[in-house]
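Peer 1: mind looking at a prediction? Sequence and model below.
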Amino acid sequence: TLITNGTVVSATGAIPHDVLVQDETVVALLSPGTAEATGITADTVLDATGCYVVPGGIDAHTHMELPFGGTSASDTFETGTVAAAHGGTTTIIDFAVQTAGGDLRDSLDTWYAKAEGNCAVDYAFHMIVGGVDDSSLKLMGDLVAEGITSFKLFMAYPGVFYSDDGQILRAMQRAAELGAMISMHAENGIAIDVLAAQAAARGETAPIHHGITRPARLEGEATFRAIQLALVAGAPVYFVHLSSSEALEQVSRARAEGHNVFAETCPQYLYLTLEDHLGAPGDDGFEGAKYVCSAPLRSKHESHGRDLWRGLRTNDLSIVATDHCPFCYKDQKELGREDFRAIPNGIGGVEHRMDLIFQGVVTGELSLERWVETCSTTPARMFGLYPRKGVIAPGADADIVLYDPQARTTISAATHHMTMDYSAYEGFEVAGGVRTVMSRGRVVVDRGTYHGSKGHGRFLPRGLSSYLR
Ligand code: URP
Ligand code: ZN
Ligand code: ZN
């Protein structure tokens with residue numbers, strides 16, 4: 001296949017190039033006209049006139065079929081990866097979960113079984129370590145050897161996923177030994193549970209109290225503490241779903257000192273706010289539950305959104321991932337109608353990340369190159385998938401998106417492909433849009449029509465991070 005007349009965008013520049021793909025792989029980038037002049041012929045020509053030709057998106061944070069609060073995230077690996085493909089994301093890194101009392105090995109095998117043969121695009125796994133003990137610490141070595149090279153720990157959710165500081169330190173020491181990455185959910189869950197119980201006792205049970213009882217200071221504090229533990233252990237640390245100015249300040253400070261401290265943010269923290277929990281006039285009084293996620297959305301009256309865009313420019317925020325964790329409003333979010341603590345945490349967005357961050361290019365918050373870097377190239381480097389993924393270069397997998405900056409779309413639950421009966425971005429008008437998506441050389445989406453197949457997506461064993469400083 002020859003992709004002609006487009007502008008190939010990488011993390012370092014945008015250049016008019018034709019891209020030659022053979023089978024599943026990129027074999028050459030050619031100056032316009034070279035293919036003809038040198039007698040290279042292709043069976044298929046994809047005309048990318050007017051389009052940016054970008055490496056397929058890599059969403060480094062998804063939760064397909066995640067069990068949470070007595071229910072389960074509503075996208076399966078099948079539906080969630082089809083939605084990802086529609087949005088120009090050709091790789092997901094999902095979180096396998098160590099179930100309470102289960103060992104890492106069995107838990108990971110459960111995740112392999114959920115995904116195997118079901119995915120539309122390629123996938124990899126991080127491992128959530130829900131119980132740090134001698135057995136888990138030992139098994140981390142086996143997992144690294146089979147391509148699971150990052151481990152998520154939780155300072156939140158006491159009694160569920162939570163690790164105390166001693167467990168965190170031990171897991172970080174083990175990661176340092178293995179060269180693995182520690183991903184951190186940094187919120188002080190012990191303090192949050194006190195605030196949430198106090199709010200509930202006062203009768204403050206509406207969705208907005210989810211956000212109010214998870215103050216940004218307790219994200220900043222946990223972020224600081226995790227950085228200190230990581231420095232003591234000598235391990236790199238990567239903060240997932242960073243939401244606040246307070247947490248960003250801690251990451252920025254550590255990075256200025258040259259440490260291996262990294263962070264991602266998510267579209268919801270750039271576009272949605274605490275006040276969205278109040279719902280709209282005329283709704284049923286509970287619709288703010290649609291916006292319940294952790295870390296929570298922050299107030300529009302504070303500096304968070306502006307600071308996060310700045311962090312994306314300075315690289316204190318290196319990656320945009322979605323933390324795609326969809327629940328339907330009906331019967332799932334509604335579990336918390338009487339008490340915000342029972343609302344399953346999470347927002348679905350795997351389909352809209354490329355579009356939502358492209359808006360930053362449109363408004364001048366980010367360069368075109370930085371869009372590609374934060375959404376594809378750095379995720380590949382951070383999590384050991386580069387240069388197979390994250391770049392259009394000879395030898396790389398042909399995961400390629402033709403992105404039309406002139407397209408216009410409106411995000412809506414009526415048209416999205418995620419298994420959700422609402423969209424957190426309902427009515428958002430987006431400038432730009434995906435035209436064609438290729439996954440390992442095969443066109444899986446073209447002009448809104450799905451041409452892929454269940455099981456095309458393969459498991460990607462990952463190497464160690466190539467992003468450490
Ligand atoms: O609200 C969220 N983020 N749900 C998913 C679990 C997590 O902490 O990432
Ligand atoms: Zn988390
Ligand atoms: Zn998550």
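Peer 2: Yes, it's here. Ligands and ions are numbered 1, 2, ... in the order given.

Peer 1: alpha carbons only for contacts and neighbour counts from here, please
Peer 2: OK.

Peer 1: which residue sits closest to H417, ignoring its sequence neighbours?
Peer 2: Spatial nearest neighbour of H417, chain neighbours left out: A83 (4.9 Å); criterion: Cα to Cα, 6 or more residues apart in numbering.

Peer 1: same thing with D355?
Peer 2: Nearest-residue entry for D355: G433, 6.3 Å, with adjacent residues in sequence omitted and distances by Cα to Cα, 6+ apart.

Peer 1: may I ask which helix or strand encompasses the residue nearest to H417?
Peer 2: Secondary structure assigned from DSSP states H and E places A83 in helix 77-86.

Peer 1: helix or strand right after that helix?
Peer 2: Counting by DSSP H and E, the next helix or strand C-terminal to helix 77-86 is strand 89-97.

Peer 1: show the subsequent helix or strand relative to that following strand.
Peer 2: Once the chain leaves strand 89-97, the next helix or strand it forms, by DSSP H and E, is helix 104-115.

Peer 1: who touches the residue nearest to D355 in this structure?
Peer 2: Neighbour list for G433: D355, Y403, D404, P405, Q406, A407, R408, T409 [criterion: Cα atoms under 8 Å, 6 or more residues apart in numbering].

Peer 1: and the first one, backbone torsions?
Peer 2: Main-chain dihedrals, D355, degrees, to the nearest 10: phi -70, psi -50.

Peer 1: verify the stated contact: it with F428.
Peer 2: No: between D355 and F428 there is no contact under Cα atoms under 8 Å: 10.5 Å.

Peer 1: which one's more surrounded, these two?
Peer 2: Between D355 and F428, counted using other Cα atoms under 10 Å, D355 has the larger neighbour count: 22 against 14.

Peer 1: any stretches of the stretch 51-200 of the chain with poor pLDDT?
Peer 2: Low-confidence segments of the stretch 51-200 of the chain, defined by pLDDT under 70: 100.

Peer 1: tally of neighbours for the residue of the stretch 1-150 of the chain found nearest ligand 1?
Peer 2: Residue nearest to ligand 1 within the stretch 1-150 of the chain (Cα to the nearest ligand atom): H63, separated by 6.8 Å. For H63, the neighbour count with other Cα under 10 Å is 27.

Peer 1: hmm, it is touching H324, no?
Peer 2: Yes: with contact defined as Cα under 8 Å, H63 counts as touching H324 (5.8 Å).

Peer 1: what ranges do the helices span in the chain?
Peer 2: Secondary structure of the chain (DSSP state H): helices located at 34-37, 77-86, 104-115, 134-145, 165-178, 189-201, 208-212, 216-233, 245-256, 267-271, 304-314, 353-363, 368-372, 378-382.

Peer 1: show me what from this structure comes close to ligand 1.
Peer 2: Within reach of ligand 1 by Cα under 6 Å from any ligand atom, the chain has these residues: C293, S294, D323, C325, N345, G346.

Peer 1: any chance you could read off phi and psi for the third one?
Peer 2: Dihedral angles phi and psi of D323 (degrees, to the nearest 10) take the values phi 50, psi 40.

Peer 1: wait, isn't it in contact with H63?
Peer 2: Yes: here D323 lies in contact with H63, judged by Cα under 8 Å, at a distance of 6.9 Å.

Peer 1: pLDDT score for G279?
Peer 2: Looking at G279, its pLDDT is 87.

Peer 1: ok, it to ligand 1 distance?
Peer 2: 18 Å (Cα to the nearest ligand atom, to the nearest Å).

Peer 1: same thing with R353?
Peer 2: Relative to ligand 1, R353 is positioned 15 Å away (Cα to the nearest ligand atom).

Peer 1: residue nearest the centroid of this structure?
Peer 2: Centroid-nearest residue in the chain, with Cα atoms, centre = their mean: A321, separated by 2.5 Å.

Peer 1: my guess is it contacts Q268, does it?
Peer 2: No: counting by Cα under 8 Å, A321 does not reach Q268; the two are 10.0 Å apart.

Peer 1: residues touching the residue nearest to T322 when sequence neighbours are not counted, list them.
Peer 2: Leaving aside its sequence neighbours, T322 sits nearest to C266 (Cα to Cα, 6+ apart; 5.0 Å). When contacts are counted by Cα under 8 Å, 6+ apart, C266 touches H241, L242, S243, V320, A321, T322, D323.
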